[in-house]
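Trainee: here you go, sequence then predicted model.
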Amino acid sequence: MSKHRVVVLKIVSKQLSVTEAAELYGLSRRHLHRLLARYRAGGIEAVDPQSRRPKTNARATPPEIVERVVRLRMSLLGNGLDAGPATIAWHLEREGLHVPSNATIHRILTRAGLVTPEPRKRPRSSYVRFEAAQPNETWQSDFTHWRLADGTDVEILNWLDDHSRLLLSCTAHTPVTGDDVVTTFLTATQEHGVPASTLTDNGRVYTARFGGGRNAFEHLLPVLGVTQKNGSPGHPQTQGKIERFHQTQKRWLAKQPAAATIRELQAQLDRLRTEYNEHRPHRALDRATPSQTYQATTKALPAEGRLPDRYRLRYDRVDTLGHVSIRRAGRMHHLGIGRRHTGKRVLAITDETTATVIHLDTGEILSEHLIDPTRGYWRNQLQPPGRWPEKRPMSRDI
């Protein structure tokens, strides 16, 4: 029984007067009269110590903001997107609403039962974190597995800028091949420029160094002046950003209708790329989007390679007649490489005056051609003139 209850009961039972109780228990007469009034109004429970918490708080988060925080959490989770306090704060700011602190948002979510307790995680300060200083300084790449509605295994190949986390490319394959790596890389360079370096694991599609040779990707990068970096075997933390992106990607895909075909999956990946780059704040980027961060800084450039100042790249194979086709200024032109090179994977580099064709498996220059916009066929300047057909069927162009 509390001290207040004992004092009040002794006074009302006339065992002690108010003056005697005040002296015996070290309480003021005024406080004892206050306790007796509470006893007469509410019974013995009313004399217990009362909360001093104010009935109103002018600094409390407005109810409409609390409701919006909860609705944003549910909406973002339902769409497979990150829904932490930083992300919710970013959305509130964009909507022109009052933005509570991240800690306040976390408390709102906890009170609403929307936070699942997790075991204590390793502190962030224990990690050694690396980030490229400029966009295009390093591109990370890796692929991950996903399944179509019928259970078919599909591989998703991703390219991510290390500095800005910009999703440069995101494509579905069955499965990923070395040619896919080269094609998607060159397509990304057409849109974003050539990076200074790449960072990948040691998969065969990226490197053949453990097999005693080099693959097409390894021959391509020196031509472009790009430094190739590979993480230590069995240590995926080196490519931590692309590994972490796979979690975001799969969480988002899991909330979408299961794709029945690889074309449907690619359409979903295209939407994800837009959402991730343009409409999703990144905590590691100070709540900026990858697109904003990528555009905010001067781009890094590759080391000196074989590229002219202005160029265009095309990845292809030499056809059965020894030809490669390229499109220039809306017109198709055909390059005579030579029948002995039929089937070889090549990279065609064109500038204002010359087209150069390089064998990707060896790095050898197979042909050089003077550009003549008036002619449909350009002869190989590295071999004697010969008779070659002018017209060739159109082939795909990157």
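Mentor: Sure, I can see it.
Trainee: find the helix or strand that the closest residue to residue 98 other than its chain neighbours is a member of.
Mentor: If the residues on either side of it in the chain are set aside, residue 98 comes closest to residue 65, at 5.4 Å by C-beta to C-beta, 6 or more residues apart in numbering. Quick note: C-beta positions are derived from backbone N, CA and C, even for glycine. Per DSSP states H and E, residue 65 falls inside helix 63-78.
Trainee: which parts of that helix are buried?
Mentor: 65, 66, 68, 69, 70, 72, 73, 76 (16 or more other C-beta atoms under 10 Å).
Trainee: quick one on the thing from earlier: quick check: the residue nearest to residue 98 vs residue 261, distance?
Mentor: Using C-beta to C-beta, to the nearest Å, residue 65 is found at 43 Å from residue 261.
Trainee: what's the answer for residue 350, then?
Mentor: Where residue 261 is concerned, residue 350 sits at a distance of 35 Å (C-beta to C-beta).
Trainee: neighbour count winner among the two?
Mentor: residue 350 (22 against 14; other C-beta atoms under 10 Å).
Trainee: what number of residues lie near the nearest residue to that one once chain neighbours are set aside?
Mentor: In space, and not counting its chain neighbours, residue 350 is closest to residue 312: 4.9 Å by C-beta to C-beta, 6+ apart. The number of residues packed near residue 312 is 15, by other C-beta under 10 Å.
Trainee: and residue 312, what does it touch?
Mentor: Residues near residue 312 by C-beta atoms under 8 Å, 6 or more residues apart in numbering: 190, 328, 349, 350, 351.
Trainee: and if you look at residue 366?
Mentor: 318, 337, 338, 341, 344, 346, 357, 358, 359, 380, 382.
Trainee: now do residue 360
Mentor: Neighbouring residues of residue 360 by C-beta under 8 Å, 6+ apart: 182, 216, 219, 220, 315, 344, 345, 346, 347.
Trainee: switch the cut-off to 7 Å
Mentor: Going by C-beta atoms under 7 Å, 6 or more residues apart in numbering, residue 360 touches 182, 216, 219, 220, 345, 346, 347.
Trainee: ditto for residue 102
Mentor: Here residue 102 is in contact with 85, 86, 89 (criterion: C-beta under 7 Å, 6+ apart).
Trainee: can you check residue 81 too?
Mentor: So residue 81 contacts 252, 280 (C-beta under 7 Å, 6+ apart).
Trainee: what about it, distance to residue 249?
Mentor: Going from residue 81 to residue 249 by C-beta to C-beta gives 11 Å.
Trainee: distance of residue 179 relative to residue 81?
Mentor: In this view, residue 179 and residue 81 are 33 Å apart by C-beta to C-beta.
Trainee: I meant to write residue 380 there.
Mentor: 53 Å.
Trainee: swap in residue 251?
Mentor: Taking C-beta to C-beta as the measure, residue 251 falls 8 Å from residue 81.
Trainee: same check, this time on residue 293
Mentor: 18 Å.
Trainee: again with residue 148
Mentor: 22 Å.
Trainee: again, but for residue 14
Mentor: Counting by C-beta to C-beta, the gap from residue 14 to residue 81 is 70 Å.
Trainee: show me the domain layout of the protein.
Mentor: The record's domain parsing of the chain by automatic domain parsing lists 3-47, 63-111, 139-295, 312-378.
Trainee: JSON lines for those domains, including distance to residue 118 and mean pLDDT?
Mentor: Output for these, formatted as JSON lines (distance: least, C-beta to C-beta, whole Å; pLDDT from 0 to 100):
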{"stretch": "domain 3-47", "distance to residue 118": "40", "mean pLDDT": "90"}
{"stretch": "domain 63-111", "distance to residue 118": "12", "mean pLDDT": "90"}
{"stretch": "domain 139-295", "distance to residue 118": "15", "mean pLDDT": "90"}
{"stretch": "domain 312-378", "distance to residue 118": "45", "mean pLDDT": "89"}
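Trainee: hey, where'd the strands end up in this structure?
Mentor: Ranges of strands in the chain, per DSSP state E, are 139-147, 153-161, 167-173, 197-200, 227-230, 312-317, 323-328, 331-336, 345-350, 354-359, 365-370, 377-378.
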